[in-house]
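1. Pasting the sequence and the predicted coordinates here, then a few questions.
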Amino acid sequence: EQTRRHAAIVSLLGIRHVVLAVNKIDLVGFSEARFREIEAAFTAFAAPLAFHSAVAIPLSARLGDNVAERSARTPWYAGPSLLGHLETVETDTEAAGAPLRFPVQWVNRPDGEFRGFAGTVASGRVAVGDRVVVAASGQTTEIARIVTFDGDLPSAAAGRSVTLTLKDEVDVARGDVLADPRQRPTVTRRFAADLVWMDEAVASSGKRFLLKIGTATVPAVLSRVVDILDIESLQRQPATRLALNAIGRVEIETTVPVTFDPYTDHRGTGAFILIDRATLRTAAAGMVASGLDAARDVHRHAETVTPRLRADLKAQQPLVVWLTGLPGSGKSTIANLVERKLIEAGRQTMLLDGDNLRQGLNADLGFDAASRSENVRRVGEVAKLMADAGLIAIVALVSPFQADRTRAAALLPEGRFLEIFVDTPAEICQQRDPKGLYEKAGQGKVLNLTGRDQPYEPPEEPALILRTAELSADAAADAVVALVVERTA
């Protein structure tokens, strides 16, 4: 089983030339029959793995047979020694001919005159005067210099460590990728990947990690386990968990967009690891399969009027205030009061109420789990646009799933999203029932009601908890306003 598993992993890694080293051949008396049996079994198993070559060599590592030189004790074997084969095998090279990918490892700014971006050319070539794009932002510029310890270079190819300087002042940080603007990598927060699970703790949906890809390290969540590779048959079977040494297809979501290529296209920008946030141990090695966003070939257009300029014009810090809680908890009432109080204080706001948005933007959505997630996604994007316009956006939305709220928060810079839990006991919500939803649900006229037919996941780390069984709506609104004032001071 170990040989089968290793062969499957090697295939996933894109290694196309393998050696089946049949070790300890001395323990079976240098038997050709046993060697041929093992060779045939491996050849049959490995047929679907698309190796370009698979050479079987009988070995005795302890005695040295066929390691460095051909052994007289295997006269029936006419092939090369292990070392002889490794020295002559032709390998595939692809990095130099691929599009430019330059992950930025370090921003080198020793003084006010010099600003360079250090890293290693992962693929392709870069030359002075070339146009490049900062993949995440869409900003384009030109290579001004290619700096090394031994002096400037006119160009650099894959594998070369250099410092690049740019013609224009553009925002570039560690983890960004400079790329060929004609062949851009994917930039997204959701992607499918193949994982080799290396942790004793079982992997399941909702588990959180740090994801390291290239020079970027970002928080991520394992949003779904899709399937697992059966090592005996090499067939994929549906699964919800990955145990130690398992190989499986998963879907991953990051809190901020990451830049990558499918691993089969560019290994340097398609490989990643998952790191356990508590122990900082590597939990899995991964290979990106594809992005999950439908608009994967649409790239961000750089804007000259920035959110910062809009906020400065309004003389306020933009913010998204997100009220979540059960139906009937009082979210809309509190949100209305919050907006009124902020307007009276001279702030510019926009209220996004879930029920109102379902009259237009989200009128096509139902109330099953998938529709609810899409509802939250759309509202999150609108809230971000409001914040980019310099406004304080106030959202009143059940938004029952933590992963959906986390996704909405990840759209904004750190500290610009306030998740507020309107914590009202279910029995009080049912007593209030301002829209008659609980009564209709009891009669079977309303299906998929959160808190009754579908689960509600309370916030893990809310910025504020409003226990409305103990607070009036006005007092709750005052608490929210106080927090907004504190965060936007």
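-> That came in fine, so what should we check first?
2. Find the nearest non-adjacent residue to the spatially most central residue of the chain, please.
-> What sits nearest the mean C-alpha location of the chain, by CA atoms, centre = their mean, is Thr254, with 3.7 Å. The shortest distance from Thr254 to any non-neighbouring residue, by CB to CB, 6 or more residues apart in numbering, is to Ala220 (4.5 Å). In this view, the C-beta of every residue, glycine as well, is placed from N, C-alpha and C.
3. Name the SS class of the one you found, please.
-> Here Ala220 takes the strand state, with states given by DSSP: H, G, I helix; E, B strand; the rest coil.
4. circling back to that earlier point, pull up the gap between the residue nearest to the centre of the chain and Ile334, please.
-> For Thr254, the distance to Ile334 equals 31 Å [CB to CB, to the nearest Å].
5. same thing with Asp150?
-> To Ile334, Asp150 is 64 Å away according to CB to CB.
6. between those two, who's got more neighbours?
-> Using other CB atoms under 10 Å as the criterion, Asp150 and Ile334 rank with Ile334 on top: 27 against 6.
7. Point me to the helix or strand that includes that one.
-> Per DSSP states H and E: Ile334 is located in helix 331-344.
8. can you list the domains in this structure?
-> Domain assignment of the chain by automatic domain parsing yields the ranges 2-88, 101-179, 186-291, 307-487.
9. average pLDDT across the shortest one?
-> To tie it back to what came earlier, the one meant is domain 101-179. Taken as a whole, domain 101-179 has an average pLDDT of 93.
10. Just give me the neighbour total for the residue nearest to Asp65 when sequence neighbours are not counted.
-> Spatial nearest neighbour of Asp65, excluding adjacent residues (CB to CB, 6+ apart): Ser71 at 3.7 Å. By other CB under 10 Å, 20 other residues sit near Ser71.
11. Over to the one 10 residues further on?
-> Residues lying near Ser81 (other CB under 10 Å) number 19.
12. For Thr269, see how far away it is.
-> Taking CB to CB, one finds Ser81 at 37 Å from Thr269.
13. And the contacts of stretch 347-360?
-> With contacts defined as CB atoms under 8 Å, 6 or more residues apart in numbering, stretch 347-360 is touched by 314, 316, 331-332, 335-336, 339, 342-343, 365, 375, 378-379, 382-383, 386, 390-399, 484, 488.
14. Pretty sure Val376 sits in a helix.
-> Yes. Counting by three-state DSSP, Val376 falls inside a helix.
15. where does Leu63 land in three-state SS?
-> At Leu63 the chain is in coil, as set by three-state DSSP.
16. Do I have it right that it meets Ile25?
-> No. Using CB atoms under 8 Å, Leu63 makes no contact with Ile25, being 9.2 Å away.
17. neighbour-wise, which of these two wins?
-> Ranked by neighbour count (other CB under 10 Å), Leu63 and Ile25 place Ile25 first, with 26 against 14.
18. where's the nearest residue to the more buried one once chain neighbours are set aside relative to Glu32, distance?
-> Among residues not flanking Ile25 along the chain, Pro58 sits closest, at 4.3 Å (CB to CB, 6+ apart). Going from Pro58 to Glu32 by CB to CB gives 8 Å.
19. Now the common contact residues for the two.
-> With CB under 8 Å, 6+ apart as the test, Pro58 and Glu32 both reach 74, 77.
20. between those two, who's got more neighbours?
-> Pro58 (29 against 15).
21. Show me what that one bridges to in the sheet.
-> Beta bridges link Pro58 to Val22, judged by DSSP bridges.
22. Distance check, it against Glu39.
-> Counting by CB to CB, the separation of Pro58 from Glu39 is 9 Å.
23. what sits in contact with each of those two?
-> Val22.
24. hang on, isn't Gly328 packed against Leu437?
-> Yes. The pair formed by Gly328 and Leu437 meets the contact definition of CB under 8 Å, at 7.1 Å.
25. hang on, the earlier thing: count of residues packed around the residue nearest to Thr254?
-> For Ala220, the count of nearby residues is 25 (other CB under 10 Å).
26. Please list all residues in contact with it.
-> So Ala220 contacts 208-211, 252-255, 274 (CB under 8 Å, 6+ apart).
27. Now with 10 Å, please.
-> Residues near Ala220 by CB atoms under 10 Å, 6 or more residues apart in numbering: 189, 191, 207-213, 252-256, 258, 272, 274-275, 277.
28. Quick check: ChimeraX command selecting the buried ones in those residues.
-> To isolate the buried ones among these in ChimeraX, judged by 16 or more other CB atoms under 10 Å, type:
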select :189,191,207,208,209,210,211,212,213,252,253,254,255,258,272,274,275
